[in-house]
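Trainee: could you work out the structure for the sequence below:
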Amino acid sequence: MALTPAAGGGESSTSPMPFQTPGPVNAEVQWDGFDPQTYVRHNYADLRADDREFLRRTRDFFAGAKLSEARCVDVGSGANLYPTLSLLPFAHTVDLCEWSAANVCWLRQQVDSYDPMWDPYWQVCAEHPAYAALTDPRRRLARVARVSQTSVFDLPRHAWDAGTMFFVACSISADRAESAHAIARFLRALRPGSPFAVAVMLGSAGYRVGEHSFPAVALARAEVVAGIAAGAYDVEVYEERPRPPLRDGYASMLLTTGRTRG
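Mentor: Modelled structure (predicted):
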């Protein structure tokens, strides 16, 4: 779920985390009330420079990972297709695991034939030859994608060869321990040596979708990187502070790539 001067991977964010009062844990949130159409219009109707950069870097990472006919997963897909698009040329299957029933319905409609608004995202992918060779991404997605109502906390162990989890650990709960647990469960769901990409918002104070508010955890860069590094190697980090920001109430966006440990 979706969900920052542009900073490269070697720089760290020193902004203090905003004060955060206790909020709901994941199981207390009415996720079926999530409005995917409103969310998509606000977040993805126009391809932002920060999402373009995250997609470009994720594309290049997976293109260099030597994947072929892989079992792939996108965890917490929400109402966002571009992490799945980044896996498409290399996938024998892609499991889109999402908990909200409303988002599951939206995903199934998009998998059948995704909206034209996602074409600019695929065009970014197709700037790389490994993606340009796939001439009909809609047909490929309809063939390989499988949508399931699955919680990140219930993912099976060592089930997939590659995976993405974008803007999930930061925005499914107000409980910091649940955020760390979500990252650990995602990494554990991949087989040893599997390439992955994880994106989070840092310093998030929560977000609104239409008339509804949803919780977040004000994550700091160091704790996210430490949590991922505990279960991964060859970890690379890129942080970006977009201007203008997508919304109020967050500090930056962080992308991490790497491979899972055994």
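Trainee: so where's the stretch 101-250 of the chain uncertain?
Mentor: For the stretch 101-250 of the chain, no stretch has pLDDT under 70.
Trainee: can we see that at 80?
Mentor: Applying pLDDT under 80 to the stretch 101-250 of the chain picks out residues 207, 211-212, 214, 242-249.
Trainee: all helices of it, in order?
Mentor: Secondary structure of the stretch 101-250 of the chain by DSSP state H, counting those that start in this stretch: the helices cover 101-112, 119-125, 129-132, 137-144, 176-188, 221-229.
Trainee: contacts for the helix ranked longest in the chain?
Mentor: Of all segments of type helix in the chain, defined using DSSP state H, the longest is helix 49-63. Counting by CB atoms under 8 Å, 6 or more residues apart in numbering, helix 49-63 makes contact with 4, 6, 44, 82-83, 85-87, 90, 121, 124-125, 127-128, 130-131, 162, 164, 166, 195, 197, 199, 236, 238, 240, 242, 246, 253, 255, 257, all of which sit outside it. The way it works is simple: take the backbone N, C-alpha and C, and place the C-beta from them, glycine included.
Trainee: list the buried residues for that helix?
Mentor: Under the neighbour-count criterion of 16 or more other CB atoms under 10 Å, helix 49-63 has 50, 51, 53, 54, 55, 57, 58, 59, 61, 62, 63 buried.
Trainee: I'd like those residues laid out as JSON lines, including pLDDT and distance to residue 104.
Mentor: Output for these, formatted as JSON lines (pLDDT from 0 to 100; distance: CB to CB, whole Å):
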{"residue": "50", "pLDDT": "94", "distance to residue 104": "26"}
{"residue": "51", "pLDDT": "96", "distance to residue 104": "22"}
{"residue": "53", "pLDDT": "97", "distance to residue 104": "29"}
{"residue": "54", "pLDDT": "98", "distance to residue 104": "24"}
{"residue": "55", "pLDDT": "98", "distance to residue 104": "23"}
{"residue": "57", "pLDDT": "98", "distance to residue 104": "28"}
{"residue": "58", "pLDDT": "98", "distance to residue 104": "23"}
{"residue": "59", "pLDDT": "98", "distance to residue 104": "26"}
{"residue": "61", "pLDDT": "98", "distance to residue 104": "27"}
{"residue": "62", "pLDDT": "98", "distance to residue 104": "25"}
{"residue": "63", "pLDDT": "98", "distance to residue 104": "29"}
